[in-house]
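> Turn this into a structure:
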Amino acid sequence: MNEHRRRVLDMLAEGKITAAEAERLIAALDKRSETSAPPGEAPRYLRVVVDAEEGTRSDTPKKVNIRVPLQLLRAGVKLAGLMPQHSRERVNQALREKGIALDISQLKPENVEELIAQLNDLSVDVDAANGHKRVKIFCE
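Numbering: from 1, shown residues only. Here you go, the predicted model:
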């Protein structure tokens, strides 16, 4: 049992909180542990989860769960720094042709860590022709 859960149960046993309050606190702790890395530990994976609401067409996927190691992203940024300038220019041009305004020479490891930190707060609702879907993107 983790420390936070034990503290909630101790407060309940001491009469400092009600059973309903303890239940809400434990549910919040469970939700936090599902969607983030443990405190003080660097996240290891980028997760993308798509859940379709009940009642959507039977031929559509009900759930998608993608887990990408963040080390792959970190390594890619480091490798981009090793690319010769003319190669970076060609990559930037190809990205612009696809409508992506990104300069890979500006990618720095510290920028990636900031992006990873911001991803924990990202949640997207998608209304699709075949039903409503909930998309969650987070690090763990």
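> going forward, measure contacts and count neighbours with C-alpha atoms only.
Will do.
> So for the longest helix along the chain, what gets flagged as buried?
Longest helix in the chain by number of residues, with DSSP state H as the criterion: helix 19-34. Of the residues in helix 19-34, those with enough neighbours to count as buried (16 or more other C-alpha atoms under 10 Å) are Ala22, Leu25, Ile26.
> by contact count, what packs against the helix or strand following it?
Downstream of helix 19-34, the first helix or strand assigned by DSSP states H and E is strand 45-52. Contacts defined by 3 or more C-alpha pairs under 8 Å, 6 or more residues apart in numbering; DSSP states H and E place strand 45-52 against strand 63-69, helix 70-82, strand 131-139.
> Residues contacting the shortest one, please?
In other words, strand 63-69. Arg44, Tyr45, Leu46, Arg47, Val48, Val49, Val50, Asp51, Ala52 (C-alpha atoms under 8 Å, 6 or more residues apart in numbering).
> Paired strands for that strand, with orientation please.
Strand 63-69 pairs in its sheet with strand 45-52 (antiparallel), by DSSP bridges.
> and the strand it pairs with, which residues are buried?
Tyr45, Leu46, Arg47, Val48, Val50, Ala52.
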